[in-house]
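Enquirer: following is a predicted model, sequence given first.
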Amino acid sequence: MSKKRNFLFEKDPSASRSSQIGGIPQTDSWQKKIDQVAYRFNRQYQQQAFDLPTEVEAMPIFKEWVTGKLAQRIASPFWEIAQPQKNQHCLDIGCGVSFLIYPWRDWKAFFYGREISTVARDVLNARSPQLNSKLFKGVELGTAHHLNYSPAQFDLAIATGFSCYYPPDYWSTVMAEVKRILKPDGQFVFDILDPEKPLAEDWAVLETYLGAEVFLEPVAEWEKTIKAVGAKIVSRSSGELFNLYKVHF
């Protein structure tokens, strides 16, 4: 029997699989993968049921996912290695529903969001201004590898929870874009999936059945990619599933 996770959103029949996100044409080589990830998360946020094999639903990690406990365990608290400062301009790429979860208002920084899920974008743009309309600068629908912002616009860029759905060569393009929109002294904080973690294989199986294939790339390959784009690792921390990095270009 399929189950669905309890989320904060009502089902929106108008939100469906996207064939074009953030003005990026269908001919973009990454678009098919991006559409799959967007569709997977739109369904989750709408509380739609996922048809999963019985053996997958029997896995302990699935039971944690259903109750919401898994999200708490594997979340990457970026502010522990790069806490935003007052009046800084921060961009959360792939923000999901983060503005309803982490304490962005406490930092007195200006926050912008970018997201491929139409459901998350619409909900955040409706609710976040009620939390702080001055600090919240809106969430745009768009991808991570095409950032339609001005050069040197941001002090801090954040991208957690989604690099694992794409291979490292995609991340090279993302980092090049992030470098362009960061100020010279700006920082980029993101996480990568560590395939050596005990949870990694089961989590990859679950995510694949939920509709978004996970890439189990070695950490060494990710760090090679980071260095190849001219980024210097300033600090890192290790979680139950993801390793969090702070880099400077």
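Expert: Thanks, I have the structure now.

Enquirer: longest strand in the protein, please.
Expert: strand 182-193 (DSSP state E).

Enquirer: for the next helix or strand after that strand, the averaged confidence score.
Expert: Using DSSP states H and E, the helix or strand that follows strand 182-193 towards the C-terminus is helix 200-210. Helix 200-210 comes out with an average pLDDT of 96.

Enquirer: and the longest strand of the chain, what does it pack onto?
Expert: When contacts are defined as 3 or more C-beta pairs under 8 Å, 6 or more residues apart in numbering; DSSP states H and E, strand 182-193 packs onto strand 154-159, helix 168-181, strand 242-248. Backbone N, C-alpha and C define where each C-beta goes, glycine included.

Enquirer: and that strand, which strands flank it?
Expert: Sheet partners assigned to strand 182-193 using DSSP bridges are listed as strand 154-159 (parallel), strand 242-248 (antiparallel).

Enquirer: residues in contact with the first one?
Expert: Under the contact criterion C-beta atoms under 8 Å, 6 or more residues apart in numbering, strand 154-159 has outside partners 78, 82, 84-85, 88-95, 109, 112, 144, 174, 178, 181-183, 185-191.

Enquirer: next one: the last one
Expert: Defining contact as C-beta under 8 Å, 6+ apart, one finds that strand 242-248 is touched by 74, 76-78, 80-82, 160-161, 164, 175, 185-194, 219, 226, 231-238.

Enquirer: burial of Ser150, as a residue count?
Expert: For Ser150, the tally of surrounding residues (other C-beta atoms under 10 Å) stands at 9.

Enquirer: looking at it, it is touching Arg180, isn't it?
Expert: No - Ser150 lies out of contact with Arg180 (C-beta atoms under 8 Å); the separation is 9.3 Å.

Enquirer: quick one: buried residues of stretch 151-168?
Expert: 153-166, 168 (16 or more other C-beta atoms under 10 Å).

Enquirer: should've said stretch 228-241
Expert: So for stretch 228-241, counting by 16+ other C-beta under 10 Å, buried means 229, 231, 239, 241.
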